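> quick one, fold the following:
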Amino acid sequence: MGITKLVDVIRADAPNSISHRDISDYAEKVIALDTSVVMNQFRTATPFTSPLAGLFFRTLTFLEHDIKPVFVFDGKPPVEKIPQVRTTSGMLLSGVVAEPDVLFVFLQLKKRAEAAGRSRPLCTGAASSQTKDCLELLKHLGVPAIQAPGDAEGLCASLVRQGKAHAAASEDMDTLPFGANILIRQLNAKRDSEIIEYSLPKLLEALGISHEELVDLCILLGCDYCDKIPGLGPKKALTLIQKHRTIENVLLHINRETHRVPHFWKYKEARQIFLNPPHTPTPELIWAEPDEEALVKFLFSGHHIRREKVRHRMEKFREKRKSLREEREKEKAAGDCRQTRMEDFFRVTRKRNRPMEASSSGSKKTK
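Sure, this is the predicted structure:
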């Protein structure tokens, strides 16, 4: 899911838009998280453990570092994202075309559905039983959660654009064409994990293109909402956009024999999904202290985690959060002291007018 080989384009042509961070860099910042990606990570890493347990532990890690997480859930996927595929037996999986690219998208949707606790892609936007459990868990943790009208990464990007979140955290690169100024990848609880941050403004500046042109580039590279032009690699796609600026102009300058444009290519619809995603009123984002008793009852009754393990983790959470807060206060105080001494130093030097004038006049003579 996401944009094919966009990472390769960024590494090759806009490396300065990538930075490496530590989890402590996001203290006191609001981070919008694509929940389906987080849950899929848990299912992959620990297939025999409840993903709710993983969500519990990871959320506490965020809260320990005073990160303010907002978990965003997928809603109804855009109709362009719901391919219709017939199997060789003629059974209708979801529609009319049996092309490999379409089947790939269907399988990716199925994978994401399984991560959300469903046996098949859900096209109605209704919450699954696992999503309901996640929402209840997050409520007991005191963390806000929102269901998007469409794809979660679109709403994550919208929260960043509105200034309600500092960054969007997702493994899907299409968070950038959706307009998130900062995209975070690999934001997890591992001690030695290196968090990767992408800056959209720096990316656009390095490539010499606008946001609208980035969207067209991503469509040419290959996105979830329409087919791509076969044989059009990332380097050539970037060069064409930099030179011709729009897909319409690109189509006038490519060899239709070697790069066959798909029939009924819905690139305009895909473009609108990125540039004008469905709007949803964003509720007030409120964080509260975790309710330990409610967490113990909920996690134990659902056979997710033993009572003793929940209580032990909550005790560790309180201790570590206190310790990290004290460290940050010490660092802040030390920084303020250093800044004060530097300011005092510069105030003293400004009083030395005569030596400075002599020095400057001497330098003029030298010149």
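> now A167: phi and psi?
phi -150, psi 160 (degrees, to the nearest 10).
> look up which residues are beta-bridged to it.
I31 (DSSP bridges).
> and it, what does it touch?
Under the criterion of Cβ atoms under 8 Å, 6 or more residues apart in numbering, the contact list for A167 reads 26, 29, 31-32, 160, 180-184, 197. To be clear about C-beta, it is placed using only N, CA and C from the backbone, and glycine gets the same treatment.
> just these now: which is nearest A168?
Nearest to A168 among the contacts of A167: A180, at 4.1 Å, using Cβ to Cβ.
> how many residues are close by the closest one?
26 (other Cβ atoms under 10 Å).
> hang on, it in a helix?
No - in this structure, A180 is coil, not part of a helix, as judged by DSSP: H, G, I helix; E, B strand; the rest coil.
> who touches stretch 309-324?
24, 27, 56-57, 60, 63-66, 290, 292, 295-296, 299-300.
> so how far is stretch 200-215 off the chain centroid?
17 Å (Cα atoms, centre = their mean, to the nearest Å).
> quick thing: my sequence starts at 504, can you match it?
OK, 504 is where the count begins now, so the last one is stretch 703-718.
> now do the buried residues in it.
703, 705-707, 710, 712, 714, 716-718 (16 or more other Cβ atoms under 10 Å).
> what's the answer for stretch 716-735, then?
Result for stretch 716-735 [16+ other Cβ under 10 Å]: buried residues 716-732, 735.
> got the CA positions of that stretch in CSV?
This file holds the C-alpha atoms of stretch 716-735, laid out as CSV (Å, rounded to 0.1, in the frame of the first residue of the first chain):
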residue,chain,number,x,y,z
GLU,A,716,3.0,18.1,-9.3
LEU,A,717,4.1,15.7,-6.5
VAL,A,718,0.7,14.1,-6.6
ASP,A,719,0.9,13.6,-10.4
LEU,A,720,4.4,12.1,-9.9
CYS,A,721,3.0,9.7,-7.3
ILE,A,722,0.2,8.6,-9.7
LEU,A,723,2.8,7.9,-12.4
LEU,A,724,4.9,6.0,-9.9
GLY,A,725,1.9,3.9,-8.9
CYS,A,726,-0.7,4.5,-6.2
ASP,A,727,-3.6,2.7,-4.6
TYR,A,728,-6.3,4.5,-6.6
CYS,A,729,-5.6,3.8,-10.2
ASP,A,730,-3.4,1.7,-12.5
LYS,A,731,0.0,3.0,-13.6
ILE,A,732,1.6,3.3,-17.1
PRO,A,733,3.6,0.2,-17.6
GLY,A,734,7.4,0.5,-18.1
LEU,A,735,7.6,4.0,-16.7
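> tell me the mean pLDDT for that stretch?
Per-residue pLDDT over stretch 716-735 has a mean of 95.
> try stretch 563-571
97.
> buried set for it?
Buried, per 16+ other Cβ under 10 Å, within stretch 563-571: 563-568, 570-571.
> how about those in a markdown table, adding secondary structure and distance to M817?
Formatted as a markdown table, the buried residues of stretch 563-571 follow (DSSP: H, G, I helix; E, B strand; the rest coil; distance: Cβ to Cβ, whole Å):
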| residue | secondary structure | distance to M817 |
| --- | --- | --- |
| L563 | helix | 8 |
| T564 | helix | 13 |
| F565 | helix | 15 |
| L566 | helix | 11 |
| E567 | helix | 11 |
| H568 | coil | 16 |
| I570 | coil | 17 |
| K571 | strand | 19 |
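> okay, these in JSON lines with distance to K833 next?
Output for these, formatted as JSON lines (distance: Cβ to Cβ, whole Å):
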{"residue": "L563", "distance to K833": "23"}
{"residue": "T564", "distance to K833": "22"}
{"residue": "F565", "distance to K833": "22"}
{"residue": "L566", "distance to K833": "21"}
{"residue": "E567", "distance to K833": "17"}
{"residue": "H568", "distance to K833": "16"}
{"residue": "I570", "distance to K833": "20"}
{"residue": "K571", "distance to K833": "22"}
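> got the phi and psi for V510?
Note on V510: its backbone torsions stand at phi -60, psi -40 [degrees, to the nearest 10].
> thought it was touching M676?
Yes - taking contacts as Cβ atoms under 8 Å, V510 lies within contact range of M676: 6.3 Å.
> higher neighbour count, the two?
M676 (23 against 16).
> report pLDDT for that one.
pLDDT, M676: 96.
> and the gap between it and E834?
Separation of M676 from E834 (Cβ to Cβ, to the nearest Å): 33 Å.
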